[in-house]
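**Student:** Show me how the following folds:
(4 chains)
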Protein chains: 2
Amino acid sequence: MSIPRVPTLKDVAKHAGVHVATASRALNTQQSHLVSEATRTRVQAAADALGYRTNAVAQSLRTGTTGTIGVVVPDLANPFVVSIIRGVEHGTRRENILPLVVETHDEPEQLRSAVSRLLGNRVDGIVLCAAHTTDEEFVADLEGKIPVVLALRGFDQRGRSAPGARRFEVLHDDIAGARAAVTHLIEQGHTRIAQLPGNQVISSFIERGQGFAAALAAHPEVEDLSSGTHATEHTVAEGRRLAAEALAAPAGRRPTALFAHNDLMAVGALDALRELGLRCPEDVSVVGYNDAPLSDHLDPPLTTVRLPSYELGKHSARLLLSAIEGDASESVRTMLAPELVLRESTRPPADGASADEAPTA
Amino acid sequence: MSIPRVPTLKDVAKHAGVHVATASRALNTQQSHLVSEATRTRVQAAADALGYRTNAVAQSLRTGTTGTIGVVVPDLANPFVVSIIRGVEHGTRRENILPLVVETHDEPEQLRSAVSRLLGNRVDGIVLCAAHTTDEEFVADLEGKIPVVLALRGFDQRGRSAPGARRFEVLHDDIAGARAAVTHLIEQGHTRIAQLPGNQVISSFIERGQGFAAALAAHPEVEDLSSGTHATEHTVAEGRRLAAEALAAPAGRRPTALFAHNDLMAVGALDALRELGLRCPEDVSVVGYNDAPLSDHLDPPLTTVRLPSYELGKHSARLLLSAIEGDASESVRTMLAPELVLRESTRPPADGASADEAPTA
DNA sequence: TTGAAAGCGCTAACAA
DNA sequence: TTGTTAGCGCTTTCAA
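**Tutor:** This next block holds a predicted model:
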């Protein structure tokens, strides 16, 4: 009921009959060699007896380092974000670092307030997975205050000319991923393709658009039938909206394949097709991105692009730790490769797809 | 490049030409009334000019409270766990509390080490969503050290007789949820039902089993054809394994409906059916639990039970905060109700599938 | 209304 | 090998 006072190092020292400094040395693995084996044992016994646990707060204040890092993510409900976090955890476990995870929901103010809290809590560094291209100035400023690893999302490569602007990045090659997905569609024979683009303030989606464009540029016979609008959120509902737009064209001008910038939007596209009386993949192929859980159990199982999120988190953490140690003096930019996952939502267009027999619903 | 020293309160005080104590008072909303409006403004201006941010570490050491709470969860990859976390965040936002989230992966040692880290970091309280029934002693001990809210998973009601054992709980009525799901199957006319039980060291799954039993007890004509084994993990693979076991019976003795203790296991059951050449829901109905994302987009869309995870998190946080304030002197036990979500994976058994042609509904 | 001073619990020179 | 001492940055009595 009544919560007893938590024992301090002073209590341990008294109990062991030594000075606090000795107790501190005895319990600190780095310094315990400075202490006689006998007293070390005695102090340890006292600590165990009292249930002593180092007060990380006091330790942090004294040493100037907290043993925590911030992990700023857009959205925990996004499974690959969780995977990144686990990668970070893996990369920091040995060092006994505690990652503090904060969400931004892709709101610029929330990014700022989240970072502000982390700075207030004196994290030793930050893995930033939630940057918008419009945050570049903010991030550059932040990098002047604390070690930062820019993960998952970066900035436009131009404008990287700031002198002495060291930057640590662990990114994913979204251009290659999108290009692989769209090239797959083209190789299956699709000549009318539309993309359902994500929010263009996020590098991942900008680059997926670039990958789409690159794939089409290499195949001039293929038409881009995208509607031109892009999603503001990356939800099923938005995917459905964009797909409906793209599919609204008269039958002969309708895309036979859709590239959605993420899996949820691809699911929305499947919904839109169903509502129009079109079948996937018989009438229209669909590709997603991220390889979300259960995307292999959809109807039909979704062709998608896998992003090595766990590795991304792990590398980010490692890089951040070395930046904190001061080991990393140069800019580092790691780029992780995508993997195309073929399932049943893509197939060659039906015979005479150009003439298109599909119902207009 | 070189990271400049972070300004301290002393810097602000000097810059404003006042004593640090005055600066402290000026910047602390609770005490700023003790300071003349003029100096308050001056101090604030100095703080802004220097980019001062209170050092939460020093503040915590001095005040003995960190403004952080621990949130111990089994598994971030579980979407309803994320929803709980968001509820917690909602419940703590106003007070500007930082929730520290740690995972246990349902490993007893990880629970202990996670809690240990949180205690070391001197969190002000803990929301524990990851308890096993075998952790009761550990938890009782913990409750003697720090305010704890037992969320999502509780302990057996017997044995609650410890004198003065105050306990704060925010739980979900798994018995009612399971009972509703199974009663729904029975009312559709199913008379041969099997459950695919989760790990029996977790109260949620124990209670889902009890709800299953209660539903059957109220309908003596219904047979329990469960295989008797239960899952160790709550994955698609385990669901598939258990479903295959239950469906291995000769045709006339085969269950016509399966109640899986969570959605992933239900998905595994769908896989098992497909492998056996059985259709869902025509041959066998399936019910899940949790209403996971995309469970409405499966083939077929899954009937399931929704658990009010966001509210659960929100209530837990509120309760913890009041416990920290010392407001809550009595045990509190909040029980949140489930909601049955009907979709297409359940329907009455085919004619002759059971002896019972007359659905009772 | 402001300043002086003590101290939260710990670690790290320095001295012995 | 151990003890002494100072101080990390802040808040909060107590005095002025």
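**Student:** The stretch 251-361 of chain A: strands as residue ranges?
**Tutor:** In the stretch 251-361 of chain A, strands defined by DSSP state E, counting those that start in this stretch lie at A:257-260, A:285-287, A:304-306, A:332-336, A:339-341, listed in chain order.
**Student:** Output those strands in JSON lines, with mean neighbour count and mean pLDDT appended to each entry.
**Tutor:** Quick note: C-beta positions are derived from backbone N, CA and C, even for glycine. As requested, the strands of the stretch 251-361 of chain A are exported to JSON lines (neighbours: other Cβ atoms under 10 Å in any protein chain shown; pLDDT from 0 to 100):
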{"stretch": "strand A:257-260", "mean neighbour count": "32", "mean pLDDT": "98"}
{"stretch": "strand A:285-287", "mean neighbour count": "29", "mean pLDDT": "98"}
{"stretch": "strand A:304-306", "mean neighbour count": "25", "mean pLDDT": "98"}
{"stretch": "strand A:332-336", "mean neighbour count": "15", "mean pLDDT": "96"}
{"stretch": "strand A:339-341", "mean neighbour count": "16", "mean pLDDT": "98"}
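**Student:** okay if I get the ones you listed as TSV plus distance to residue B:300?
**Tutor:** Shown next, in TSV, are the strands of the stretch 251-361 of chain A (distance: least, Cβ to Cβ, whole Å):
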stretch	distance to residue B:300
strand A:257-260	23
strand A:285-287	19
strand A:304-306	22
strand A:332-336	36
strand A:339-341	23
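**Student:** and residue A:31, which of those strands is closest to it?
**Tutor:** strand A:332-336 (32.4 Å; Cβ to Cβ).
**Student:** chain center to the closest one, what's the gap?
**Tutor:** In terms of Cα atoms, centre = their mean, to the nearest Å, the centre of strand A:332-336 is set 14 Å apart from its chain centre.
**Student:** Quickly check: it near chain B or not.
**Tutor:** No. Strand A:332-336 lies out of reach of chain B by Cβ under 8 Å from any Cβ of the partner chain, never closer than 14.9 Å.
**Student:** Give me the helices and strands touching that strand, please.
**Tutor:** Judged by 3 or more Cβ pairs under 8 Å, 6 or more residues apart in numbering or on different chains; DSSP states H and E, strand A:332-336 is in contact with strand A:168-172, helix A:309-325.
**Student:** a markdown table please, covering these and showing distance to DNA strand D.
**Tutor:** Below are the helices and strands packed on strand A:332-336 laid out as a markdown table (distance: least, Cβ to the nearest atom of the strand, whole Å):
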| stretch | distance to DNA strand D |
| --- | --- |
| strand A:168-172 | 25 |
| helix A:309-325 | 17 |
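**Student:** Compare the ones you listed and give me the one nearest chain B.
**Tutor:** Closest to chain B of the helices and strands packed on strand A:332-336 is helix A:309-325 (Cβ to the nearest Cβ; 10.7 Å).
**Student:** Can you tell me what sits against that closest one?
**Tutor:** For helix A:309-325, contacts defined as Cβ atoms under 8 Å, 6 or more residues apart in numbering or on different chains pick out A:69, A:80-81, A:83-92, A:95, A:97, A:99, A:124-127, A:129, A:147-149, A:151-152, A:168, A:170-172, A:328, A:332, A:334, A:336.
**Student:** Let me know whether that helix sits next to DNA strand C.
**Tutor:** No. Residues of helix A:309-325 contacting DNA strand C under Cβ under 7 Å from any atom of the strand: none, with a closest distance of 14.7 Å.
**Student:** Excluding sequence neighbours, find me the nearest residue to residue A:128.
**Tutor:** Nearest residue to residue A:128, sequence neighbours excluded (Cβ to Cβ, 6 or more residues apart in numbering or on different chains): residue A:72, at 4.9 Å.
**Student:** Then the one you found would be within a helix, right?
**Tutor:** No. Assessed with DSSP: H, G, I helix; E, B strand; the rest coil, residue A:72 is strand; it does not lie in a helix.
**Student:** Mind checking the helices and strands packed on strand A:332-336 for the one nearest to residue A:7?
**Tutor:** In terms of Cβ to Cβ, the element of the helices and strands packed on strand A:332-336 nearest to residue A:7 is helix A:309-325, at 30.6 Å.
**Student:** Flag every buried residue along that closest one.
**Tutor:** A:309-321, A:323-324 (16 or more other Cβ atoms under 10 Å in any protein chain shown).
**Student:** Likewise for stretch A:104-123?
**Tutor:** A:104-106, A:110-111, A:114-115, A:117-123.
**Student:** Put together TSV for those residues, with pLDDT and secondary structure on each row.
**Tutor:** Below are the buried residues of stretch A:104-123 laid out as TSV (pLDDT from 0 to 100; DSSP: H, G, I helix; E, B strand; the rest coil):
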residue	pLDDT	secondary structure
A:104	98	coil
A:105	97	coil
A:106	97	coil
A:110	97	helix
A:111	98	helix
A:114	97	helix
A:115	98	helix
A:117	97	helix
A:118	98	helix
A:119	98	helix
A:120	97	helix
A:121	98	coil
A:122	98	coil
A:123	98	coil
